[in-house]
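Chemist: Any chance you could fold what I've pasted below:
(chains A and B)
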Amino acid sequence: MTLQHYLVISAILFTLGIFAVLTRRNAISILMGIELILNSCNLNFAAFSRFMTPPEDISGQIIAIFGIVLAAAEAAVFLAIILAIYREFGSIRPNEVDTLKG
Amino acid sequence: MVVFLISLILLCPLAAFTVFGLLGLGNRSFQRQDYLSTAAMLIALVCSFLLLGEIAPDPEPHTVNWISLGGVTFSMGFYLDSVTAIMLIVVTLVSSLVHIFSMGYMHGDPRYPRFFAYLSLFSFSMLFLVVSDNLLGIYIGWELVGLCSYLLIGFWFEKNSAADACKKAFLTTRVGDVGMFIGMMMLFTKFKTLSLYGEGGIFALVASLNTGDMVWLSIAGVLIFCGAIGKSAQVPLHTWLPDAMEGPTPVSALIHAATMVAAGVYLTARMFPILTETSSLVIAYIGGITALIAATIAIVRFDIKRVLAYSTISQLGYMMLGIGAGSYVAGLFHLTTHAFFKALLFLGSGSVIHAFHAMHAHAHDDENDHAHDTHGHEHDDHALVHDHGSEIPPDQDMRNMGGLRHKMPITFVTMLIATLSISGVPFVFSGFWSKDAILGGVLGRAMEWNSVHHYLLFGIALCAAGITAFYMFRLIFMTFFGEPRNQEMHDMAHESPKSMTVPLLILAVLSLPVVNILWFNENYVQPPEQPHLHAPQHAYASPDSKMDEARGTLSLFGVSEAVAAEESGHDTHGAHADDGHHGHGPAHTIAMVLSICAAGLGIFLSWLFYHKRTLSAESVATTFRPLYNLFWHKYYFDEFYDGVLVALTVWKARLFAQFDGTVVDGIVNGVGKVTRDFLAVFIGVFDNRVVDGAVNRVAEVTWAIGGRVRRIQTGAIQTYLFVVIAGIVLLILIFRAL
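Modeler: Numbers count the residues shown, from 1 in each chain, chains lettered A, B, ... in the order given. Take a look at the predicted model:
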């Protein structure tokens, strides 16, 4: 397994995430896409740390763990916002939440 | 010391006025202004007496530079000679007494503090005028006293007559002041200075003029005298002074009898060195004519204050005559004595009016009945009175008086002394000496120059003297003797309070020849030289020896000779002494005898007419009806001014109004019409099309662009994100290609 394998997997994950964010009409699905993008980044950190630095330097792996924690917190806030939006507008579809539209 | 004393004299009254002004800002006057002003005047009076001892034999002006304009510097300063010192005493003394008198007379007036503040301001202005060493300072004081006169004549401005009178006084004197200003400017353009004394002063420079400048100098002298004509109420600008009697009586005594009106005489005396034969003669003639005209008008007046006003005009004419005839000392001597006895007469009349006035206030309810009574009475006694009679306030009408000598003994005695003085009753009254000095001076000049003009002037002055005695005793007889003519008013009359009688008594003492002491001393007052006054060619010259005789006649009863001697004594060391004034010795004796005769005749006739009633004034008036009408209508001066000058002004104003209404308004309206009908249309179109068009187009374009661009702002978050990612992809592709 070389670095390229990890990067390819990561790129596929990233692309799938972007695709989900751009195409989904449901805010939860968009959140799932964002999580995919985040995790592709975490994978990159871990892969680069494993292959590009000396074995005793594990800062890349630690950043990946921070990223996971961050993702969890972000998901909690995101879900809270979605819940609030649903209460306000009765929908969680982003294109229906357009009060600020010019 | 001199500067300190003079400054104190000036600053005390000014400070008293300033206190009123500052406290008045709070809309509440200082209630004890009367004590303040009187105290200030008393300090000034003491200082004036102290100054008597400070006079230098050859006085120098004390000056400071005031304004520098280009190459010309105006200075301000004091000049103290014996005449200034005497004037200071006269002004401060009369002013102090009038202040004290006013405390009684003006008591209870709603503007009581203001009255005293005005008196203080007036005193300051008058003293400033007196001590100034230059024409500019004199002019400033001159206008300030004019202002104070205006304020005080119009003190009871609720009365229309008072409001009219103060305007008349202000405007009439202004006519003379214009002449005075032109005269000042003539001197200024010639000499580049307005200072009178010292090396570069006008008097020093005038002496160096040659005969070619005499016409010019005469014109300048007469023009400056115009100011005195206005201020001293000489014919033809005398009409304001009788009307000025609308002011409170103390004001009449102070301003319109003793001091301000005498300022004209003082100015003429100050300008003595620039007088030429012509200007002197003009002054003498105007003075003489004034003396006679005013005296004749006074005969037929019934308002006690108007009689005194015309008497004042007449006496001022006397002083002018004296100065015009070269009797410098006599003119100023008469000014001094007149100030005291005329102030006394006015204050005495004020006392009488006060006595009636109190009654008048009591009997206010039946004023209408009262007026009716007065009218009927007048109709019986003086059938010739057509109009004007009704204008006289009842408390000033001599036809309501009579028999007051028992009711008001002090007022009666003091006024009698003043009347004897003004009438020229010999020896124990000051007026006799001063009037006789003028008469003697005029006759002296007439004999010495053998001049018809001066003989004529002497005749005029003698007539006026006789008439003066006549009308003054008429006043006394009508007021204090005989039976009360109006019993109701008579019953209520009473003697005035102490604050009013004490000044009367002091002035009565001053009407005796005590003031003569100042003028006795021949070294004390010396007339200035007149470098451009020469006796005519045919002048009669007499040997010098007579001069010593004239000097020798100095005795207690020979003041007039003393004055004459002093004049001739001075002139012996003048450059033109050889034409001397030696005629004075016999001239004064002749003048004295004649003036005693004239005064005696006047008093005797007055006694026959108004006391004994063996002669009837009414029948005489009927016999000489045209003459009586002339006097009654005051020589038609007012009618002339109304009919000619006022009418001319009104006509001119109408003409200008018409010009204004048609031509000026026409032009303005025409321009307006053209602007509105033509220019405005073009400008309106331009505005609508071009300016509005540009603004609107800009707005429309902006609107349209905005309409297009806003569509980018879809609000769909995924669209934005797509654009972002597309952009990133594009950038990556571009950078790869590079």
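
Chemist: my guess is residue B:315 contacts residue B:291, does it?
Modeler: Yes: assessed by Cβ atoms under 8 Å, residue B:315 is found in contact with residue B:291 at 7.5 Å. In this view, the C-beta of every residue, glycine as well, is placed from N, C-alpha and C.

Chemist: buried stuff in the longest helix belonging to chain A?
Modeler: Ranked by number of residues, the top helix in chain A under DSSP state H is helix A:59-89. Buried residues in helix A:59-89, defined by neighbour count with 16 or more other Cβ atoms under 10 Å in any protein chain shown: A:60-61, A:63-64, A:67, A:71, A:78, A:82, A:85.

Chemist: tell me how far the biggest helix by length in chain B is from the chain's mean position?
Modeler: Counting by DSSP H, the longest helix found in chain B is helix B:328-362. Distance of helix B:328-362 from the chain centroid (Cα atoms, centre = their mean, to the nearest Å) equals 16 Å.

Chemist: Likewise for stretch B:173-190?
Modeler: With Cα atoms, centre = their mean, you get 17 Å for stretch B:173-190.

Chemist: burial count for residue B:52?
Modeler: 14 (other Cβ atoms under 10 Å in any protein chain shown).

Chemist: do the one 3 residues further on as well
Modeler: A count of neighbours around residue B:55, defined by other Cβ under 10 Å, yields 16.

Chemist: filter the buried residues of helix A:59-89 down to the ones near chain B?
Modeler: Among these, proximity to chain B is found for none (Cβ under 8 Å from any Cβ of the partner chain).

Chemist: Can you tell me which of those is nearest chain B?
Modeler: residue A:85 (12.0 Å; Cβ to the nearest Cβ).

Chemist: Closest residue of the stretch 601-738 of chain B to chain A?
Modeler: For the stretch 601-738 of chain B, Cβ to the nearest Cβ, closest residue to chain A: residue B:715, 3.2 Å.

Chemist: what kind of secondary structure is that residue in?
Modeler: Taken by DSSP: H, G, I helix; E, B strand; the rest coil, the conformation at residue B:715 corresponds to coil.

Chemist: got the contact list for residue B:490?
Modeler: Residues in contact with residue B:490 (Cβ atoms under 8 Å, 6 or more residues apart in numbering or on different chains) are B:402-404, B:407, B:484.

Chemist: Show the pLDDT at it.
Modeler: pLDDT recorded at residue B:490 is 78.

Chemist: Residue B:333 too?
Modeler: pLDDT at residue B:333 comes out at 89.

Chemist: Then residue B:655?
Modeler: On the pLDDT scale, residue B:655 gets 94.

Chemist: picking that back up, show me what the longest helix of chain A is packed up against.
Modeler: Applying 3 or more Cβ pairs under 8 Å, 6 or more residues apart in numbering or on different chains; DSSP states H and E, one finds that helix A:59-89 contacts helix A:27-52.

Chemist: buried residues in the helix it packs on?
Modeler: Buried, per 16+ other Cβ under 10 Å, within helix A:27-52: A:27, A:30-49.

Chemist: Stretch B:55-69 now?
Modeler: B:55, B:59, B:61-63.

Chemist: What of stretch B:144-162?
Modeler: So stretch B:144-162, judged by 16+ other Cβ under 10 Å, has buried residues B:144-146, B:148-156, B:162.

Chemist: Straight-line length of it, end to end?
Modeler: 20 Å (Cα to Cα, to the nearest Å).

Chemist: Grab the nearest non-local neighbour of residue B:38.
Modeler: Nearest residue to residue B:38 in three dimensions, chain neighbours excluded: residue B:99, at 4.3 Å (Cβ to Cβ, 6 or more residues apart in numbering or on different chains).

Chemist: That neighbour reaches residue B:119, doesn't it?
Modeler: Yes: here residue B:99 reaches residue B:119: they are 6.1 Å apart, a contact under Cβ under 8 Å.

Chemist: which residues do those two both contact?
Modeler: With contacts defined as Cβ under 8 Å, 6+ apart, the residues shared by residue B:99 and residue B:119 are residue B:37.

Chemist: Now do residue B:223 against residue B:526, distance only.
Modeler: 27 Å (Cβ to Cβ, to the nearest Å).

Chemist: Same check on residue B:497?
Modeler: 44 Å.

Chemist: before we move on, what about residue A:22?
Modeler: Counting by Cβ to Cβ, the gap from residue A:22 to residue B:526 is 125 Å.
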